[in-house]
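Colleague: Next comes the sequence, and after it the predicted model I'd like to discuss.
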Amino acid sequence: MTDITIRFDTPWLNAKSPITIRFNDDPIPELPDPPIRVGSIGMLCGLVMDTGPSIEQQLLISYKAKQHSNLINMIWNVYLIKQTITAVWNADPILCSQTLVTKWISPALFNINIGMNWLVPQSHGHQAESHWIVPELQQTMLEMQWSQAAAKSQQISVKLHFGEQLATEIALSYTNIQSQGDNKTVAWAPHAARWVCSSKYVPPVGKVTLRFSEPWINSTSPTQLRFTASPNVCYWDDGGGLIDANPPLPTIDFKIPIEPQIRRSYLMQPQISCVRVSDGVAVVLKSVSISQSRSQWASSGSLAFSSRIDAERAANELLKISINGYDFYLLCESPSESKAFGKTSYSATGRGRLATLASPNRKAINYVNVVSRSFIGIMADIVANTGWTVASQITDYPVPANAFSYAAKTPAEAINMMANSIGAMLDVNDETQTITVIPQWPVVPWNTSSAIPDVILHDGVILEFNERIDIRPDANAVFVRGEQQGVAAKVKRFGTAGDNFAADIVDKLITDNQAARMRATAELANAGNKVQNSIRAKVMADLPPMRPGMLIGVRKGAEVFKSVCESFSISGSVNESTGMVTVNQTVTLLRNEVAA
């Protein structure tokens, strides 16, 4: 197989038409004039381009062959135009001849069998129709439009095989395509939805922090960071044109407080129901009371049963109590019985579902973090394989190896101790068995004026309102430090002199500046005189039970003061004679006293 490449890179001013290319290595044998027979094929192929002076090219191949196949492949796009003509045939090498004739500046257009014409500025259309003898007419139309393009280079490759095959390839490449008019396109209707995949490097979202914790002795300067190609990452394009057909909804980055509507009257139908979680057996209650504060790791409650059978059904079982559509979980632990003249009552006390991780359901153990872990990572290790998960709304931080330990504590007591060490508390979701670590003061008392409350109460839903002053020492600074592997920091309130110190705080979990900041914030928020409010209200569809740690707003006349929920309790009872159900909730709120 031999490849011959002929390139025309520059114009030849002294060219004369026609140009004959001779191959003189071997003498060309004189070929006798073959007679015209059935099966002889003549092929005429040419190319016409109008770029100022007329340019015409003619390629003439004559041969005698037994079998012929022709493949023509044309590809156009906006910036590149290519034409590839490939002809393969089985011919007798003695009876095959080839002549290449090229003409420049031809005064007349040369007619060819296969041609491509460029018309400027009008578009060129080509239509091909195919008809078959079928019940219905089958028609195919091909239309191509392009503007003027100048040929940059031409390459002709001739492949010879001294046997039974001969192939010729003509490749034309174009560049510097110039627009010959103004074409404005307006597209409408959404494009089809599709998957878009790419293996390009995908940078991480947000800020990247590089920490070099240990010296590298063998390091050389400069240090190079290599980012390898990402794996094939795909995302779903849901379709659309210039305006997305399915625009994504914006992220709701604002909080709307829950505020019951002001009505002339409130019609309610309280309901209380109780079932056993293990098998769904109903338990009839006469009354129920559930309470929790910020210092508790689980809620506590008391139950009064309607009969001895209900008390036996609930003993040492996890109960699901629904009060006006809101679910609470209690582990019934301490049943009791009371008798009087002609009357017997059955009751019990219990704790929230997190009591399954406390004594007597779990044994107290000792713990030491033998490897370096994050604060939330240690919590997750403590509750591992218990069915509970840990979530966080605080700033996580690292805890060095052997810096934290405890002795004779159950998992529930251990994670509550950890939360208190950094000024946080546990928000337990008994339904999903999720423990969320949240700050004790989600909004510090001196910043409540600009904060958005979670719930707003008004006179229409407040049944009882009490207020008193809680006297506490004031402070605007505090020293916080760890133990053997901890940090020491002085933290003061922004905008103050920081000259009134609270009692020093020492805890083994103060191993990072973030831990010191969170613990000091809670200590300074607890300092100073507080106004304590006790509010009793109903439980309605637009007034859910309030939880410790919520920021509650109360309308007092034309003003709204905001306080943090210190504790809450919810109670429900059934009147034995009338069967009327009564449900109330009571919250205790704390806020800073405004200096006179």
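Modeller: Done, it's in. Numbers count the residues shown, from 1 in each chain.
Colleague: quick one: low-confidence parts of the protein?
Modeller: Along the chain, the model assigns pLDDT under 70 to residues 1-3, 23-190, 201-206, 227-229, 240-254, 595-596.
Colleague: In it, what residue spans correspond to helices?
Modeller: 308-314, 375-382, 411-421, 513-526 (DSSP state H).
Colleague: Dump the ones you listed into TSV; add mean neighbour count and distance to Y367 as well.
Modeller: Quick note: C-beta positions are derived from backbone N, CA and C, even for glycine. Shown next, in TSV, are those (neighbours: other CB atoms under 10 Å; distance: least, CB to CB, whole Å):
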stretch	mean neighbour count	distance to Y367
helix 308-314	17	34
helix 375-382	20	7
helix 411-421	21	7
helix 513-526	22	18
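Colleague: Which one of those lies nearest to K538?
Modeller: Checking the helices of the chain against K538 by CB to CB gives helix 308-314 as the closest, at 26.6 Å.
Colleague: which residues are in contact with the closest one?
Modeller: In this structure, residues lying in contact with helix 308-314 by CB atoms under 8 Å, 6 or more residues apart in numbering are 274, 276, 281, 283-285, 303, 305, 332, 335, 337, 344, 346-348.
Colleague: Mind checking which of the residues you listed are buried?
Modeller: 274, 276, 283, 285, 303, 305, 332, 335, 346-348 (16 or more other CB atoms under 10 Å).
Colleague: Pick the one among those residues closest to S198.
Modeller: Distances from S198 to the buried ones among the contacts of helix 308-314, taken by CB to CB, are shortest for R276, at 54.1 Å.
Colleague: list the contacts for the closest one?
Modeller: 282-283, 313-314, 317-320.
Colleague: circling back to that earlier point, please flag which of the buried ones among the contacts of helix 308-314 sit within strands.
Modeller: Counted as lying in strands by DSSP state E, out of these, are 274, 276, 285, 303, 305, 332, 335, 346-348.
Colleague: Make TSV from those and add distance to A384 to it.
Modeller: Output for these, formatted as TSV (distance: CB to CB, whole Å):
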residue	distance to A384
C274	32
R276	28
L285	35
L303	32
F305	36
C332	27
P335	32
Y346	38
S347	36
A348	31
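Colleague: Those: which two are farthest apart?
Modeller: It's R276 and S347 that sit farthest apart of these, by CB to CB, at 17.0 Å.
Colleague: circling back to that earlier point, tell me which of the helices of the chain lies nearest to G572.
Modeller: helix 308-314 (15.5 Å).
Colleague: neighbours around the residue lying closest to W236 once chain neighbours are set aside, how many?
Modeller: The shortest distance from W236 to any residue other than its chain neighbours is 5.9 Å, reached at W195 (CB to CB, 6 or more residues apart in numbering). Residues lying near W195 (other CB atoms under 10 Å) number 8.
Colleague: what sits against W195?
Modeller: W195 makes contacts with 234-237, as judged by CB under 8 Å, 6+ apart.
Colleague: so which of those residues comes closest to E593?
Modeller: Y235 (54.2 Å).
Colleague: residues near the nearest residue to A537 once chain neighbours are set aside, how many?
Modeller: Closest residue to A537 apart from its sequence neighbours, by CB to CB, 6+ apart: V461 at 5.0 Å. Neighbour count of V461, defined by other CB under 10 Å: 21.
Colleague: Look up how far Q585 lies from V461.
Modeller: With distances taken as CB to CB, to the nearest Å, V461 is found 10 Å from Q585.
Colleague: do the same with S374
Modeller: On the measure of CB to CB, S374 and Q585 end up 37 Å apart.
Colleague: same thing with G579?
Modeller: Applying CB to CB to G579 and Q585 gives a distance of 22 Å.
Colleague: More neighbours: which of those two?
Modeller: Q585 (23 against 7).
Colleague: Would you mind naming the residues that bridge with that one?
Modeller: A537, I570 (DSSP bridges).
Colleague: residues contacting it?
Modeller: Counting by CB under 8 Å, 6+ apart, Q585 has contacts 536-539, 545-546, 568-571.
Colleague: Please convert the residues you listed to TSV, extending it with distance to Q224 and neighbour count.
Modeller: Converted to TSV, the contacts of Q585 look like this (distance: CB to CB, whole Å; neighbours: other CB atoms under 10 Å):
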residue	distance to Q224	neighbour count
R536	67	16
A537	64	22
K538	67	18
V539	63	21
P545	58	19
M546	56	23
F568	58	22
S569	62	19
I570	62	24
S571	67	19
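Colleague: Pick out whichever of those sits closest to F494.
Modeller: Nearest to F494 among the contacts of Q585, with distances taken as CB to CB, is M546, at 29.2 Å.
Colleague: hang on, the closest one packs against F568?
Modeller: Yes - because the distance of 5.3 Å satisfies CB atoms under 8 Å, M546 is recorded as touching F568.
Colleague: Now for the two: what residues contact both?
Modeller: With CB under 8 Å, 6+ apart as the test, M546 and F568 both reach 585, 587.
Colleague: If you tally nearby residues, what's the number for V277?
Modeller: Number of residues near V277 (other CB under 10 Å) recorded here: 13.
Colleague: Correction: the previous question concerned G301.
Modeller: G301 - counted by other CB under 10 Å - has 25 other residues nearby.
Colleague: all strands for the stretch 351-500 of the chain, in order.
Modeller: Assigned by DSSP state E, counting those that start in this stretch, the stretch 351-500 of the chain shows strands spanning 365-368, 373-374, 389-392, 398-399, 405-409, 424-429, 434-439, 455-457, 462-470, 477-481, 488-492.
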